[in-house]
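In: Show me the folded form of this:
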Amino acid sequence: MNSVDAVILTAYLLCLTYFLYKIVQSFNDEFIVQVNEDSIKQQLNDRNLQDLLEIKFKFEKQYEYNALKQVGVGISNKSSDHSIYVDWDYSSFNDLEKRSRRVTRLAPGVTLDLSNEQVFSTIAPNTVLKETITAEDTLQRKSERKDKKLDTPSPVNLELEVAKPLIDLKPEKPSDDLKKRLGKFTKAQIDLEFFLELAFRFAGADQTFGGDRVHVLCQFTLRKLPWQAGLPWNPKK
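Out: As a prediction, the model looks like this:
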C-alpha cells in the first residue's frame, strides 16, 4: 500500500466513522418516565389519607425528546362517605429550571378562556376520576397555527391544542446550568426530575365543602435510554 492509498483509506474510515456516529445520534433521543410511588404513598400515610385517596399516572413505555406533552392521571376515592375535590387552579407543574406552571385539565374540543378560573373536579365515594393534564403554557389555539390553518370564522379554530412539550429537552436558550445537565442527561450520566403538586379538598359528615386544601407532591424521573432503544423495530408503546 503506497502513501496515497493510505491517505484514501484513512479518509474513508474517518467518513465512515462520522456517518456511523450521526446514525447513532439520530436514535439517541429516547427516555422513560418513572413515578416515585413510594413518596406519594408516604405523603398519604403521613396525612392519614391512605384509605381515602389513591393517585396513579399513565405514561407511554418510552418517549422521544420533546414528545412528552401531557400526563394521564387517575385519582381514586376509596372511601364510602367522603367526596374529594381536585382544585386544578391550586395545582402546579414545574419544569427543569423549577419554574412553577399552572395545571390545565384537557378535554376534547375545549375552547375555555385560560384567564378564567377552572372548575374543580368532584370524585364521589368509591369512584375514579381519569383526566389528561398539562401545563398551561404548552397550549395554543388552533387558529394560531402557521400550518393547516382553518378559516378564521370556524369554531374549530378556537379549540386548544397541546403545541409544546411539557418538559423541553431541546430548549432554544437554556441557562448554563440546564445546558450542562442536559448534556449529562444525553450521555446517560444523570437523571432529570420534574414535579406535579396536586391540591385536594375533602367533604364528609364532619367536614365542610370549603375545607382546608391538602397538597400532594408527585415526583417524576426522566431516565435516558441507550441509543439502541430508538431503533425502529423496538416497540415504543
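In: How much space separates residue 218 from residue 170?
Out: 24 Å (Cβ to Cβ, to the nearest Å). In this view, the C-beta of every residue, glycine as well, is placed from N, C-alpha and C.
In: Which one of these two is surrounded by more residues?
Out: Neighbour totals were compared for residue 218 and residue 170, and residue 218 leads with 21 against 10 (other Cβ atoms under 10 Å).
In: distance between the ends of stretch 77-85?
Out: Stretch 77-85 has an end-to-end distance of 10 Å (criterion: Cα to Cα, to the nearest Å).
In: quick one: buried residues of it?
Out: Residues of stretch 77-85 classed as buried by neighbour count (16 or more other Cβ atoms under 10 Å): 77, 78, 79, 82, 83, 84, 85.
In: now swap in stretch 59-69 and tell me
Out: 62, 63, 65, 67, 68, 69.
In: Is the fifth one in a helix, a strand, or coil?
Out: Under DSSP: H, G, I helix; E, B strand; the rest coil, residue 68 falls in the coil class.
In: Which of the helices and strands in the protein ranks last by mean pLDDT?
Out: Lowest by mean pLDDT, DSSP states H and E among the helices and strands of the chain is helix 3-27, with a mean of 52.
In: gap between the two ends of stretch 43-58?
Out: Span of stretch 43-58 from end to end, Cα to Cα: 20 Å.
In: which residues of the chain fall in strands?
Out: Per DSSP state E, the chain carries strands over the ranges 30-35, 53-58, 63-64, 71-77, 83-86, 92-94, 100-106, 121-123, 128-135, 139-141, 160-162, 192-203, 214-224.
In: Okay, angle between the second one and strand 214-224 too, please.
Out: Meaning strand 53-58. 30 degrees (axes from the mean of the first three to the mean of the last three Cα atoms, to 10 degrees).
In: Please state the mean pLDDT value computed over strand 53-58.
Out: Mean per-residue pLDDT for strand 53-58: 96.
In: in its sheet, what does that strand sit against?
Out: Next to strand 53-58 in the sheet, as set by DSSP bridges, lie strand 71-77 (antiparallel).
In: Can you list the buried residues in the partner strand?
Out: Quick answer for strand 71-77 (16+ other Cβ under 10 Å): 71, 73, 75, 76, 77.
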